[in-house]
Structure formats: structure tokens, C-alpha cells
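Q: here is a sequence with its predicted model. Questions after.
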Amino acid sequence: MRYRSRVTAPAAALIGTAAAVLAGGNTAYADPKPDDAPGPETLGDPVFPALGNDGYRVDAYHLDFSYDHSTTLVDATATLELRTAQALTRLSLDALGLDIRTVHVDGRTATFEQVDEKLRITPARPLPARARVTVCVTYTADPRRALAHTAWVPTADGFAICPQPDSAHTVFPCNDHPSDKADFTFRITVPATLRAVAGGSLVCTEDLAGDRTAYTYRSRSPIATELVQITVGDYVVKERSGPHGLPLRDVVPTARAEALEPALALTPGLVEWLEARLGAYPFETYGLLPCNSDDPNAFDFTGLETQTLTLYKPNYLLQAEPKIGSHMMHELVHSYFGNSVSPATWADLWLNEGHADFYGLLYRYERGWPDSLGLTTFEARMKDTYARGDQWRKTSGPVAAPNAANLFDSQRYLGGVLVLYALRQLIGEDAFHTVERTFLARHRNSSASTEDYIALASHTCGQDVSGFLRDWLYGTTTPRMPGHPDWTVTPVTPSLTAPRRQAGGRWHENSATL
């Protein structure tokens, strides 16, 4: 079941007014608007204000892709099952770089236009409020098309996708916002010499005419658009058993499967360690996708937590365990924080990345692996991070108040870890673990905001920590660290530089687990 989430004060005062974010399920819809209303074209996200549409919610996506290896093009049909939140004479989907051929609404031809990154659809007749509607879009996509931003990762034998944060709509038309999670079915047709894989579980394989094969996958849990994975290439699927019989599957370049096996074999132990702290793994399967490309320009991060299948470059995973184990844990943690519980808005990214680095670093230090600074204890790393606090707040904003340019700065990663460490210092380890597990259980298969975490922490630990957490999350100066009155913050000076950023894209390499 999915719930309504909302950005509330004081977050709104710091990051700008954000529209209420609906996550579906038993939704308390706004009063219907007049039948001539075209409907809103965004969800009012404070970081990406153009994303999404607030006039409906998507229950399910059915994506049917056909990949032509000779042209490297994808012919596709996207069928969306949605529910209107108000009466609509027009609705829009996020879409960029897609050659739209036809649009049908409830089986009737609809007119459409592509404006900026929106596909505006005018159905043959107005849509009433609270109606269940089917929208079907046929189109062609070119994974190698140059765009302002793209999720496509072309490889020599096919492609993978990396939609985070705002690029799923370069692959399929959608309501591209993590608050609108939906069920997904994927049918991917490829030459018989290639393999197609997507998030979820394989439910059907079809041998077709013309020496082609169709693979159908279905998710058992809702997926945010930014977490979708679809890949095609010369892959072998390696299966093994995880804790409690959890099915694990890795999608590996055939030619490199043996070399990658030492890294793949680490997953069962990682899952076991994390389940002891956060509870049972929340999805039907997990595994790694070392996509068939080591091109440094393929994507600007080490790993991406697409749901049930984490994307990597193969060369990274060829390193020894102390070099990769901490970051593999980081990505696995995202199955809980980020995937099972998605951010209500992109301003809530610290919930994803702060938690992923928190447990990834705990895992590292338990094993005595020095981090990138040569430190070997969690406390030593937090003391170093604490000293940087005011500078990061100046160059990257408060932890829970990012913008599009600094969204993936260290402040969302280590800055988020520091907030969690401070909370644990204040309330104690046992209460902290109770907060974590309760938060995950309360918002499973849904989305949650920073305010949701603050409210739940106060309710669960038995004391009002709202002011404490808001100071840490939204303050412009770093608060005192409980239990460490001797820790000091380095004064901000012009000589301290802002975090580096990759030209032409967003910098994703600020995880302390690397």
C-alpha cells in the first residue's frame, strides 16, 4: 500500500514551497476541478520542479521493447494504467528524446504534442475525476542519441539504463518522480544471440520467428521510475542462494563471468550482515549487473541501485574485497533506503545516501579496512567529517536542502551519515536501531520525507528529537555533537574549495565507501 507524503515546515521554508506529493494507494484526493481543467504539469519537486504530473497517479507500467541490433534502435510500446486525481481535459507525461508515433487513451486515438520534456496528451473526451484510465504510447528510441541528459548506457552489444535522478523519461514516457511508484512488467524482444534482463523476476521466455527471443519480467513490489533497469547484451545469468533461500541472480558479460565470480560470491555474506541490522531483504531477488562497458564516459558513478539489480562497470568489481566490499554494501543498503522506501522529494536524498554510507562504513570498519583517508574507525571518520561541517553547509547547503547542482555532493552522503551518527549519540544505539527498523516497516513500498523520519524518530524513541534533527538537517551551522564536547568545526575560509563537479553532468562519486 502506498501513502500520501508531504513536504512540511520547516523544510518548506528552507527549500521552497513544494506541492503535496501523492504516492497512490488509499489517497485523499483534492476536490475535482472543472471539466475544462487541463491539469497540473508538475509535482512541484523542490529540486526538479518540472518533473512529474499531479493530475493522476500511475498504478502500473507495461513496457514492450523490441531491440534491433543492426540499427541499435528500440521500438517500444508503453502502456500506463493510471487513476485521475481530478477531472482532466489534458494530461502530460515526462518524455525526452522519444520519437512518438501514436497515443491512445482508453483505446481511442488522442492528439499529442511534445513540448520541452513533456508529452502533452489530449484525449478524445475529458477524463472524469477518480477514473481508471489506460494510456498507450508507441514510439522509437535511439540509445545513442545525444540529449541534454539521458538514462541510456550504450554498449557494444546492446544497452543498460541508469535513470537516476531525472532521466527515466528518456527511456519511456512516465510520471518521472520517486513519489509515484508503480508496478512494472517488462517484455523485451532481442536477437536470440543476446539476453534481455529487467528488474523483478523472469516470468516468461518466448522463442519467436526470425531467430528472436522475448523475455518478460514482472516486479512483485512497486518501483520508482528512477530505479528501473532494462539491459540487453551478451550476458549469462548466474544464480545462487542467499540467506533464508533468497534467490540471487547476477547478470554478467559472458566473456568475463569467471573473472567476476569472486566479487559476485560476496553478496550472500553482505545480505546476511545487513539483514541482522535492518531486517529481511525487502524484494524477491537481488544481484549485480556489471554492464558490458568500462567506458569512463558511460556513466558518472561507480554503482547504481536499480531495483533488484545493481549496475556497475566490470573493472571496478575485479578489485580485491577490501576495495569493493564497503561500496557493495552501500548499494545493497539502497534496497532498503531508496528503493523499498523512496524519497518523497529529491530534497530527501540524504535519507538514501546517508543511510547507504552509514552502514557501508560500519561494514568497512568492522573488517579493519582503512578508508580513503587512511582512517580505520567510524568515530575517527565522523570527527573528520564534523570538522568539515560548516564548509559543506556553505558550499552545498544544509544536508536536507539541496539543489539540482549540488544534489550529489558529499553533504548528502557523509553529511547525512553525520546526522545519523549524532542521532545515535543522542538516543543510544538500541533506540536508534528501533527507529531505523520502524521507519522501514512503516513506509515499505512507499515514499517518505525528511519530516516523516523526524516525526517517527520522536515518536519511536520516546523523546522529542524534532528540534535536534531539524538543526542538523536544515541549520546553516553545525550543531554540537552529543558525547563529544571536544570536537570542533574548522572555520570557513575562502581557501576551502567547493566539491568538484563533473563537466556536463552531475558528480556522483562522493560516497565515503569508495
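A: Right, received. Where do you want to start?
Q: state the distance from Asp295 to Tyr235.
A: 17 Å (Cβ to Cβ, to the nearest Å). Quick note: C-beta positions are derived from backbone N, CA and C, even for glycine.
Q: and if you look at Ala141?
A: 20 Å.
Q: need the next SSE after the helix or strand where Leu82 lies, C-terminal direction.
A: Element membership for Leu82 (DSSP states H and E) is strand 73-84. For strand 73-84, the succeeding helix or strand toward the C-terminus, using DSSP H and E, is strand 91-94.
Q: how much does the helix or strand that comes right after that next one deviate in direction from strand 73-84?
A: Counting by DSSP H and E, the element after strand 91-94 in chain order, helix or strand, is strand 98-105. Orientation of strand 98-105 against strand 73-84 (axes from the mean of the first three to the mean of the last three Cα atoms, to 10 degrees) gives an angle of 40 degrees.
Q: just checking, what packs against strand 98-105?
A: strand 111-115, strand 118-122, strand 132-141 (3 or more Cβ pairs under 8 Å, 6 or more residues apart in numbering; DSSP states H and E).
Q: strand partners of that strand, parallel vs antiparallel please.
A: Looking at strand 98-105 with DSSP bridges, its partner strands are strand 108-109 (antiparallel), strand 132-141 (antiparallel).
Q: and the longest one, which residues are buried?
A: For strand 132-141, burial by neighbour count (16 or more other Cβ atoms under 10 Å) applies to 133, 135-139, 141.
Q: okay, the angle between that strand and strand 111-115?
A: Going by the same axes, to 10 degrees, strand 132-141 makes 60 degrees with strand 111-115.
Q: can you list contacts of strand 132-141?
A: Outside of strand 132-141, the residues within contact range by Cβ atoms under 8 Å, 6 or more residues apart in numbering are 56, 59, 73-84, 91, 93, 97-107, 110, 119, 121, 127, 152, 170-171, 173.
Q: where does this protein dip in pLDDT?
A: Within the chain, the segments meeting pLDDT under 70 span 1-37, 495-509.
Q: Provide the secondary structure category for Thr376.
A: Under DSSP: H, G, I helix; E, B strand; the rest coil, the three-state class of Thr376 is coil.
Q: how close does it get to Arg364?
A: 9 Å.
Q: Val417 now?
A: Taking Cβ to Cβ, one finds Val417 at 12 Å from Arg364.
Q: returning to that earlier point: distance to Phe468 for the helices and strands packed on strand 98-105 - can I get that in TSV?
A: Formatted as TSV, the helices and strands packed on strand 98-105 follow (distance: least, Cβ to Cβ, whole Å):
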stretch	distance to Phe468
strand 111-115	45
strand 118-122	41
strand 132-141	44
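Q: nearest to Gly269, of these?
A: strand 132-141 (38.5 Å; Cβ to Cβ).
Q: parallel or antiparallel, list what pairs with the next helix or strand after the closest one.
A: Scanning forward in sequence from strand 132-141 by DSSP H and E, the next helix or strand is strand 152-155. Applying DSSP bridges, strand 152-155 is found paired with strand 158-161 (antiparallel).
Q: contacts for the strand it pairs with?
A: 67, 69, 72, 143, 151-153, 168, 171, 190, 194, 228-234, 289, 291-293, 306, 311.
Q: now the buried members of these.
A: 67, 143, 151-153, 168, 171, 190, 194, 228-233, 289, 291-293, 306, 311.
Q: sort out for me which of those are in strands.
A: 67, 152-153, 190, 230-233, 289, 311 (DSSP state E).
Q: got TSV for the residues you listed, with distance to Asn445 too?
A: As requested, these are arranged in TSV below (distance: Cβ to Cβ, whole Å):
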residue	distance to Asn445
Tyr67	30
Trp152	28
Val153	27
Val190	30
Ile230	21
Thr231	24
Val232	28
Gly233	30
Leu289	22
Leu311	22
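Q: now do stretch 107-127: distance to the chain's middle.
A: Taking Cα atoms, centre = their mean, to the nearest Å, one finds stretch 107-127 lying 28 Å from the centre of the chain it belongs to.
Q: next: stretch 315-326.
A: The mean C-alpha position of stretch 315-326 is separated from the chain mean by 22 Å, Cα atoms, centre = their mean.
Q: repeat for stretch 174-183
A: Here stretch 174-183 is found 11 Å from its chain centre; the criterion is Cα atoms, centre = their mean.
Q: okay, now that stretch: how far is its last residue from its first?
A: Stretch 174-183 has its terminal residues 13 Å apart, counting by Cα to Cα, to the nearest Å.
Q: contacting residues for the closest residue to Gly200 other than its chain neighbours?
A: In space, and not counting its chain neighbours, Gly200 is closest to Ser219: 3.8 Å by Cβ to Cβ, 6 or more residues apart in numbering. Residues in contact with Ser219, defined by Cβ under 8 Å, 6+ apart, are 183-185, 199-201, 307-308.
Q: how about the helices in the stretch 201-350 of the chain?
A: Along the stretch 201-350 of the chain, the stretches classed as helices by DSSP state H, counting those that start in this stretch are 257-264, 267-278, 314-317, 321-333, 349-366.
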